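Novice: Structure for this input, please:
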Amino acid sequence: MADGSRVRVHGALTRTALYNFEEFQRAWACWCPTRYSPVEIKPDQIVDILPPRWQDPRAISLFSGGVDGTFTALRHRHGLAGDASYPLSDVLLVHGFDVPLARPDAFERLLRRIRPTLDELGLRVRLLRTDLKELSGQYWEYSFGAQLAACLHNFSHEFRYGLMGSSEPYDHMVFPWGSNPVTDPLMSGDAMRLVVDGTPFSRTEKVEVVNRYATPTRTLKVCWEGPDPERNCGHCEKCLRTKLNFMAVGNERPACFDEPLDIDAISGMQLRFPAQATELETIVEYAQRQGRHGPWLEALQRKLTAYRSEHTRASMLGRAKRKLRSLLRAS
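Specialist: Below is the predicted model of the structure:
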C-alpha cells in the first residue's frame, strides 16, 4: 500500500478475506492518505471455507509476557469473562519482533522467564520465527498489527479463533495505530476469526487483574529496550509506565521489577507517540477514581501538563509550516 504495488497471491484466498482486506485498506487510506493507497489483491483462486460443525473451536492467543497478553491469558483460562470466555488452549510466541532473530539465546531466556505463568495456566507454547520486522519500507507503529495477524494465520488449520491483546481502551482510542479494534478483525478469513481482546479495559485495569496472581506478577515482561531479555530494565518508558500502572492499583513494589519507582524519573519519560501519553492519562483517571494520592501522581500530572503544552506548540508550528508551503506553491 505504501508502494502502490499490485499483490499477486500464488495460492487461494477466501472470499471473506478479500472482502475484509478491501475494507482494511480503505480504513488505512483514510487515516494516512499521503502514506497508503488501496492496491489490487489477485489470488490464483477464490474459495469459500465453511468450518464443519464438529470442528473443535479452540483459540490461540499472542503472548510475549507483557500486560496485554498476560491479561488475555488470565481472563480466558480462568473464565473471567463468564460464558463469553474463549476456549484458549495455546499461546504463540514470536521470535523476531521484541527479540531479534540474531539472538536465539536471548529468546530462550525470555521463554524461561515467562514459562512459569504459562505452565501454571496449562497453556501450550507455540513458537514462530520471522524476519518480517527486518524488512524495509515499513513503519512499524502502523504495520505491527498486520504482522501479528499474519503470524496467527499460520495456525488457522488448528484454531478457530486468534486472540490479539488490545492496545488502547474504547474510551481512549488513538488513530492511526497499528493494532486497533476497527481494522484488526478485518484481517480474519473463513478459517480463523481474529479477536481483539480486552478493549473495554485500560492498561491499569488489566494490571489490576494481573496483580491478583503472584506468578504472573513476578514473570511479567514488558521491557523491549533493556539489554537483558530476561529482565525488565526498570528505566525505559514502558517500564516506568508499568510501574505507574502498579502504583495506581496500590502495589508499590511489584515483583517483576528489581527496584521501586523512581519518582524523579517521571519527568524525563520519553513520549514518542500520542498513544503513550494517552496511556498515562488513563493511569491518572484510574488513580483518581480509586482515591489514590501521593508525590508520584503529582509528578505524573505535571509530566502530562508539560507534554500537552509542548504537543500543542508542535501542532501549531506544523500547521503554520503546511500553510506556508501551500501559499508558496500557490504563488
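Novice: can you give me how far the host helix or strand of His10 is from the chain middle?
Specialist: In the assignment (DSSP states H and E), His10 maps to strand 7-14. Taking the mean of its C-alpha atoms, strand 7-14 sits 27 Å from the chain's own mean (Cα atoms, centre = their mean, to the nearest Å).
Novice: now swap in stretch 90-107 and tell me
Specialist: For stretch 90-107, the separation from the chain centroid amounts to 16 Å (computed by Cα atoms, centre = their mean).
Novice: Over to stretch 23-41?
Specialist: Put simply, stretch 23-41 sits 21 Å off its chain's centre (Cα atoms, centre = their mean).
Novice: in the strand holding His10, what's buried?
Specialist: Residues of strand 7-14 classed as buried: 13-14 (neighbour count, 16 or more other Cβ atoms under 10 Å). From N, CA and C alone the C-beta is placed, and that goes for glycine too.
Novice: can you tell me the average pLDDT over that strand?
Specialist: Looking at strand 7-14 alone, the average pLDDT works out to 94.
Novice: Ok, stretch 169-181 next?
Specialist: Here stretch 169-181 scores 93 as its mean pLDDT.
Novice: Put the alpha carbons of that stretch into PDB.
Specialist: The C-alpha coordinates for stretch 169-181 follow below in PDB (Å, rounded to 0.1, in the frame of the first residue of the first chain):
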ATOM      1  CA  PRO A 169      -9.400   1.100  25.500                       C
ATOM      2  CA  TYR A 170     -12.600   2.100  23.800                       C
ATOM      3  CA  ASP A 171     -12.900   5.400  25.700                       C
ATOM      4  CA  HIS A 172      -9.300   6.400  24.700                       C
ATOM      5  CA  MET A 173      -8.900   5.300  21.100                       C
ATOM      6  CA  VAL A 174      -5.900   6.500  19.200                       C
ATOM      7  CA  PHE A 175      -5.900   6.500  15.400                       C
ATOM      8  CA  PRO A 176      -3.900   5.700  13.400                       C
ATOM      9  CA  TRP A 177      -2.300   2.900  15.400                       C
ATOM     10  CA  GLY A 178      -1.000  -0.500  14.200                       C
ATOM     11  CA  SER A 179      -3.400  -2.600  16.300                       C
ATOM     12  CA  ASN A 180      -6.900  -1.500  16.900                       C
ATOM     13  CA  PRO A 181     -10.500  -2.900  17.200                       C
END
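Novice: Show me what the strand holding His10 is packed up against.
Specialist: Counting contacts by 3 or more Cβ pairs under 8 Å, 6 or more residues apart in numbering; DSSP states H and E, strand 7-14 packs against strand 41-47.
Novice: and the following helix or strand past the strand it packs on, which strands flank it?
Specialist: On the C-terminal side of strand 41-47, the closest following helix or strand by DSSP H and E is strand 59-62. Strand 59-62 has its sheet partners listed here by DSSP bridges as strand 88-95 (parallel), strand 161-165 (parallel).
Novice: export those strands to a markdown table and tack on mean neighbour count and distance to Phe257?
Specialist: Putting the strands paired with strand 59-62 into a markdown table (neighbours: other Cβ atoms under 10 Å; distance: least, Cβ to Cβ, whole Å) gives the following:
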| stretch | mean neighbour count | distance to Phe257 |
| --- | --- | --- |
| strand 88-95 | 21 | 22 |
| strand 161-165 | 25 | 21 |
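Novice: Pull the residues that contact the very next helix or strand once past the strand holding His10.
Specialist: Per DSSP H and E, strand 7-14 leads on to helix 15-31 as the next helix or strand towards the C-terminus. Here helix 15-31 makes contact (Cβ atoms under 8 Å, 6 or more residues apart in numbering) with 1, 36-39, 41, 43, 46-48, 142, 175-176, 182-183, 185-190.
Novice: Just the buried positions in helix 15-31, please.
Specialist: For helix 15-31, burial by neighbour count (16+ other Cβ under 10 Å) applies to 16-17, 20-21, 24-25, 27-29, 31.
Novice: Please enumerate the strands of the stretch 151-300 of the chain.
Specialist: When secondary structure is read from DSSP state E, counting those that start in this stretch, the stretch 151-300 of the chain shows strands at 161-165, 193-197.
Novice: what is the mean pLDDT for the first one?
Specialist: This points to strand 161-165. Average pLDDT, strand 161-165: 97.
Novice: No further queries at this time; thank you.
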